[in-house]
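K.L.:
structure of the sequence below:
(one chain, ligands or ions: 1)
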Amino acid sequence: MRDPYEESKYVVVAVPYDSTESWARGTRFGPMAIIEASRYMDPYDIELRAFVNDMGIHTIFELPVLGKSVSSMMDIVETTVRRLRGDGKIPILLGGEHTISFPALRALNHEIDAIVVLDAHPDFYDEYEGNKISHATVCKRMSELVGDIILIGVRAMDFDEGKNLDKIGSVNIIFSERMEENLEILNGIRGKRVYLSVDVDVLDPPQVPCVGNPEPGGLSYGQVLKIIKKVVELSDVRCMDFVEFAPCPGVRSDAFLVARLVQKAIGYHAFYSGNDKLRDRSYE
Ligand SMILES: [Mn+2]
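P.N.:
Numbers count the residues shown, from 1 in each chain. Here you go, the predicted structure:
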């Protein structure tokens, strides 16, 4: 995915930041593991009957955020995303910890009507371990910028987070165990400009065991794909991120799964936003 910047609609940005992570650090290795796995992926998408190579994807290798303070990381991410949107690109951020979504949203919240988050946790603490900005508070902070927020796949939360969720009128939660029957909530984003954030811990741990905070009872790869497809089809997604992947030594299948998820998401976006090149190469 090394198309020239000028010719690319999608720009993949590696953000290897994991400084506020509370349990296991290691999401700093996530972006490069995903990019590395993507090199071995077949570029043909069977479902879309199209070549991902034709979609125009440029990759910005690691932003210099490692070991930086939260505020410098935020400046770097915000400046980068603002520049990409100024050039008309769709930023695809690879984390790193979930915290990176907040500065990304801040760079473009003037053009966002709703946020869709896939996550095992609501990340709705007001403050966590003394920090206002961390992986555990990120969705609360984001909801203060854009109040219309849908959380999908939640299956673990703290009592205080529940109270914070109640205070915000337009938070919709689709809990993991009632996912299928509640997906019609997504119809509320039809036609809206959306920020899509995928915390890969939304997946069931056997599928992606190496995440910051593994939580049992998660979604399958197929369910996550279905949700991303629906979001991209119904709405106008302006920016996406895939966060919290922390590769374990010796395990390759989960990096491959996340890379495929990113590839599929870009493919759906290109398809539903009418990429002619993509359709021209179809076998149909
Ligand atoms: Mn999260």
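
K.L.:
now do the phi/psi pair for Ser197.
P.N.:
Ser197 adopts backbone torsions of phi -120, psi 120, taken as degrees, to the nearest 10.

K.L.:
so what's it up against?
P.N.:
By C-beta atoms under 8 Å, 6 or more residues apart in numbering, Ser197 lies in contact with His98, Ser101, Ile115, Val116, Val117, Leu118, Asp119, Met142, Met240, Asp241, Val243. Heads up, the C-betas are built off the backbone N, CA and C, glycines and all.

K.L.:
so the fourth one, which of the three states?
P.N.:
Assigned by DSSP: H, G, I helix; E, B strand; the rest coil, the conformation of Val116 is strand.

K.L.:
repeat for Lys230
P.N.:
helix.

K.L.:
return only those of the contacts of Ser197 found close to the ion.
P.N.:
Among the contacts of Ser197, the ones lying near the ion by C-beta under 5 Å from the ion are His98, Asp119.

K.L.:
any chance of a markdown table for the contacts of Ser197, columns distance to Pro91 and pLDDT?
P.N.:
Formatted as a markdown table, the contacts of Ser197 follow (distance: C-beta to C-beta, whole Å; pLDDT from 0 to 100):
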| residue | distance to Pro91 | pLDDT |
| --- | --- | --- |
| His98 | 16 | 96 |
| Ser101 | 11 | 98 |
| Ile115 | 15 | 97 |
| Val116 | 16 | 97 |
| Val117 | 16 | 97 |
| Leu118 | 17 | 97 |
| Asp119 | 19 | 97 |
| Met142 | 15 | 97 |
| Met240 | 8 | 98 |
| Asp241 | 8 | 98 |
| Val243 | 13 | 97 |
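
K.L.:
interface residues of this protein facing the ion?
P.N.:
His98, Asp119, Asp123, Asp199.

K.L.:
select only the buried ones of the contacts of Ser197 in ChimeraX?
P.N.:
Buried residues among the contacts of Ser197 (16 or more other C-beta atoms under 10 Å), as a ChimeraX selection:
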select :98,101,115,116,117,118,119,142,240,241,243
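
K.L.:
which of the contacts of Ser197 sits closest to Gly217?
P.N.:
Asp119 (13.2 Å; C-beta to C-beta).

K.L.:
got the phi and psi for that closest one?
P.N.:
phi -170, psi 140.

K.L.:
and for the residue of the stretch 101-250 of the chain found nearest the ion, the neighbour number?
P.N.:
Residue of the stretch 101-250 of the chain nearest the ion, by C-beta to the ion: Asp199 (3.6 Å). Using other C-beta atoms under 10 Å, Asp199 has 29 neighbouring residues.

K.L.:
span of stretch 13-33 from start to end?
P.N.:
Using C-alpha to C-alpha, to the nearest Å, the end-to-end distance of stretch 13-33 comes out at 13 Å.
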